[in-house]
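Novice: here are the coordinates; sequence isn't available:
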């Protein structure tokens, strides 16, 4: 829809309109990613922790949403860790 608006009408989004759209996209993506990581666990939790710590590389919505993985993660049993290794 935005592509057609730009091509047919020659109209583009203002900076504020673009920011609102990107913020909504990032919020939705961050929620979906956090849900997926919660169900997958393991390596993916470590990935979430890295993303949460890199505010310089990732949108705020992602770092905020994934920050819960740096504090509130259930420990992995030693038996499971040994089995994985």
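Specialist: All right, it came through fine. From a predicted model like this one, the values you see are computed outputs, not experimental measurements. Numbering: from 1, shown residues only.
Novice: Contact partners for residue 51?
Specialist: 58, 62-63, 66 (Cβ atoms under 8 Å, 6 or more residues apart in numbering). For the C-beta atoms, the positions are set from N, CA and C on the backbone; glycine is no exception.
Novice: Any chance of the backbone angles for it?
Specialist: Main-chain torsions, residue 51, degrees, to the nearest 10: phi -60, psi -40.
Novice: which SSE is residue 32 in?
Specialist: helix 15-40 (DSSP states H and E).
Novice: Same question for that helix: list its buried residues.
Specialist: Using 16 or more other Cβ atoms under 10 Å as the burial criterion, the residues of helix 15-40 that qualify are 26-27, 30, 33-34, 37.
Novice: can you put these in CSV and add distance to residue 18 and pLDDT?
Specialist: Putting these into CSV (distance: Cβ to Cβ, whole Å; pLDDT from 0 to 100) gives the following:
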residue, distance to residue 18, pLDDT
26, 12, 96
27, 15, 97
30, 18, 97
33, 22, 97
34, 24, 96
37, 28, 95
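Novice: Tell me the one among these nearest to residue 19.
Specialist: Each of the buried residues of helix 15-40 was checked against residue 19 using Cβ to Cβ; the closest is residue 26, at 10.3 Å.
Novice: Identify the residues contacting that closest one.
Specialist: Residues in contact with residue 26 (Cβ under 8 Å, 6+ apart) are 59-62.
Novice: how close does it sit to residue 55?
Specialist: Counting by Cβ to Cβ, to the nearest Å, the separation of residue 26 from residue 55 is 13 Å.
Novice: ok so, going back, just checking, which of the contacts of residue 51 belong to helices?
Specialist: Taking DSSP state H, the ones among the contacts of residue 51 that sit in helices are 62-63, 66.
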